[in-house]
Each structure stands twice: as C-alpha cells, then as structure tokens.
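Asker: here is a sequence with its predicted model. Questions after.
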Amino acid sequence: MSIPLNWYLVLAAALFSIGIYGVLSRRNAIGILMGIELMLNAVNINLVAFWRFMDPGRLTGQVFALFVFTVAAAEVAVGLALVIAIYRNRDTVVVEEIDLLKE
Amino acid sequence: MVPVIVFAAVSIVTLGAAVAVVTNKNILHSAFYLVLAFVGIASIYVLLEAPFIAVVQVLVYIGAIAILIVFAIMLTRRIMSKDIEQRNAQWIWSALGALILFGVLGWIVYSANWPVVQGAVPDDPIALLGQELLTTYVVPFEIASVLLLAALVGSIVIGREREQDSRSAE
C-alpha cells in the first residue's frame, strides 16, 4: 500500500469543492445537477477510501457507497424530469428565470 | 512506485475533467467531460481494490446518469447555445467559497489523526458484499429499492405530457 489515505481524501475534497462551485455558479439547471453528481462522487471516494484504510475486513463502506449510487440515480431521474417539465411549461432552464413564487 | 504514478495521472485527469465540467461554456461538452471524470473516479476505485464499485460506477454513472443528462441537454438545447452566459453574477464569490472550503477540508485531512489499519481485502469481497446487503443491511436495501421505484414512477408522472393539457391546447 504505497498511496496514503490523505491523498484520496484531498482528491475527494478537491472534487467536492469543484462540484460546489458548479452548483453555486451555473445558471443552467442541468449544470447544477452535474455539480451535484461531482459532489456525490467525492463522497463515494471518501466512503470507499475509509473502508479500505480503516475496516477492510467488513464491507460497510462499499455497502454505503452502493446506497449513495442508488440515491444518486433516483435524484438525477427526478431532477431531470422536473427540469424537462419546467422547460415545457416556462420554455427556460435558467434557474434565475424560474421565479414563479417571487411574482 | 507504479501505483503512485497511476494515482497522480488519474487524479490530474479527473480533476481537470471536473473543472471543465463546471467551467465549459458549452453545456454538452460539460456532459462529455463529466463522463471522463466518472471514468477517472472508477479507476480510483480500482486503485482502492474495490472492483465491484468501479464496475457499478461505470454502469450506473456513465451508462445511466451521464446518458440521461445528455438526453436532457439535447431536449432543452435550443436556448442553451454557446453565446448565452452560463455563469451567474455571484460566480466569483462561489469560486472564493469553494477555495476556502477546499482549504479547510485539506487542513482537516492533514491535521486529523486517522486510525489507519493495515488489513487485507477479503478473498471474495463480492460474495461478502451480497451477504452483508441481505443480512445486516437488509432494511436499508429494501428501502433503497422502494425509493428507486418511487423515483421511477414519480419521474414518469412528472415528465409525461398531460392529456388534458394537450386537449385544452387544441
């Protein structure tokens, strides 16, 4: 084992920060969803890295990573359905223009 | 030495692709860079000796989620051309916040004392994973399957065109 745990954690932290930048700075709802996917992947890297370095005998970390996969798939399916429904009704996917509750 | 080189190369590709995902002006290119980032993350799982997770990453993220995102972009692309500004007004503050978050996380990672154990991966991790899923974690497993079903039905209901809408439009 030549790669220390810290490297994986820093990689995941960098991915998470990039994802959060994408979520905060994109105007496009689909771009925001892509940022969320990056953040979920960073979490999964952390889960699998902690499993490998702290409890490799049991597979708890992998099980939790699988649950994150499931929730991510559900999230993206519902999210994209919402985006397409909004696009059909309002003709835009720019989140700043989706302000029905403000009017 | 070889794993370190592989790790460095994969990390650079993954992070570069991730930066391209959040900064590219063409949202369709962003989606393709997202696929590259997912491939890099799958290779990280291989380095962590979790091949099953790597395969699931390729199947679920690249095979399903990335394709779904590309579909959604193509269905809404008409107004998402390259000339439209993709960043909002607060992007510089977002970048600053993300940098600060990375600094704090990095500081925590390096200041914490992780209780690392030197252990080997079990001989047949996939069989053990299946056993764990259907014994210790059977309740979350079933809840996850119900959640997936609900999300599937919900997204079909949200996404389909309502009959009365098209009728009233006629």
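Answerer: Yep, that arrived.

Asker: residue 70: what's it in contact with?
Answerer: In the absence of a named chain, this looks at chain A. Residues in contact with residue A:70 (C-beta atoms under 8 Å, 6 or more residues apart in numbering or on different chains) are B:144, B:147, B:148. C-betas here are computed from N, CA, C, even on glycine.

Asker: you looked at the wrong chain, it should be chain B
Answerer: Per C-beta under 8 Å, 6+ apart, neighbours of residue B:70: B:28, B:31, B:32.

Asker: buried ones only from the contacts of residue A:70, please, as a ChimeraX command.
Answerer: A single ChimeraX command selects the buried members of the contacts of residue A:70 (16 or more other C-beta atoms under 10 Å in any protein chain shown):
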select /B:144,147
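
Asker: gap between residue B:147 and chain A?
Answerer: According to C-beta to the nearest C-beta, to the nearest Å, residue B:147 stands 6 Å off from chain A.

Asker: is it correct that that residue is in contact with residue A:74?
Answerer: Yes. Between residue B:147 and residue A:74 there is a contact under C-beta atoms under 8 Å: 5.6 Å.

Asker: residue B:53 and residue B:59, how far apart?
Answerer: Counting by C-beta to C-beta, to the nearest Å, the separation of residue B:53 from residue B:59 is 11 Å.

Asker: highest neighbour count among the contacts of residue B:70?
Answerer: In terms of neighbours by other C-beta atoms under 10 Å in any protein chain shown, the contacts of residue B:70 top out with residue B:31 at 23 neighbours.

Asker: about what we covered before: return the subset of the contacts of residue B:70 lying in helices.
Answerer: Among these, the ones falling in helices (DSSP state H) are B:28, B:31, B:32.

Asker: chain center to stretch B:69-77, what's the gap?
Answerer: Mean-position distance between stretch B:69-77 and its chain equals 17 Å (C-alpha atoms, centre = their mean, to the nearest Å).

Asker: buried stuff in that stretch?
Answerer: For stretch B:69-77, by 16+ other C-beta under 10 Å, it's B:69, B:70, B:72, B:73, B:75, B:76.
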